[in-house]
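> Sequence first, then the predicted structure, then my questions.
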Amino acid sequence: MNETVTGLELTCREVIDFVMAYLDGELPARERAIFDAHLAICRDCRTYLASYRAALALHQQSHGGASPPAHLPEIPEDLVQAILAARQA
């Protein structure tokens, strides 16, 4: 995918950037539909989303149901690139 969120498609990087807003239900309807469309065709992003949800659930279990901090640290760009490179292999 190579169009931006303002176009018809998201890139995998944009999915990562918007995952928290998606899970919190904060994306406007159009952007959520675009996000959902990307998930429908991208197994890697579905896997990422599932693991992200699992990590949030583990955090809540280990912290007595407390929500994670509002702002999580950025994912290092080299990690994102390694994931994308592995996906292409």
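Perfect, thanks for sending it. As the structure is a computational prediction, the values presented were derived from the model and not from experiment.
> For the chain, which segments count as helices?
12-23, 29-41, 43-62, 77-88 (DSSP state H).
> Of those helices, which stretch is the most buried?
Highest mean neighbour count among these (mean count of other Cβ atoms under 10 Å): helix 12-23, with a mean of 17. Heads up, the C-betas are built off the backbone N, CA and C, glycines and all.
> elements contacting it?
Counting contacts by 3 or more Cβ pairs under 8 Å, 6 or more residues apart in numbering; DSSP states H and E, helix 12-23 is packed against helix 29-41, helix 43-62, helix 77-88.
> Of all those helices, which one is nearest Asp17?
Nearest to Asp17, of all the helices and strands packed on helix 12-23, is helix 77-88, at 9.8 Å by Cβ to Cβ.
> gap between that closest one and the chain center?
With Cα atoms, centre = their mean, to the nearest Å as the basis, helix 77-88 stands 14 Å off its chain's centre.
> What lies in contact with that helix?
Helix 77-88 has contacts (Cβ atoms under 8 Å, 6 or more residues apart in numbering) with Cys12, Arg13, Ile16, Asp44, Tyr48.
> Same list, the residues you listed, but as JSON lines with pLDDT and distance to Ala37 please.
Shown next, in JSON lines, are those (pLDDT from 0 to 100; distance: Cβ to Cβ, whole Å):
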{"residue": "Cys12", "pLDDT": "86", "distance to Ala37": "13"}
{"residue": "Arg13", "pLDDT": "84", "distance to Ala37": "16"}
{"residue": "Ile16", "pLDDT": "82", "distance to Ala37": "16"}
{"residue": "Asp44", "pLDDT": "90", "distance to Ala37": "15"}
{"residue": "Tyr48", "pLDDT": "90", "distance to Ala37": "16"}
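> ok so, going back, Serialize the helices and strands packed on helix 12-23 to CSV and add fields for distance to Met20.
Listed next are the helices and strands packed on helix 12-23 as CSV, based on distance: least, Cβ to Cβ, whole Å:
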stretch, distance to Met20
helix 29-41, 12
helix 43-62, 8
helix 77-88, 15
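> All set, thanks.
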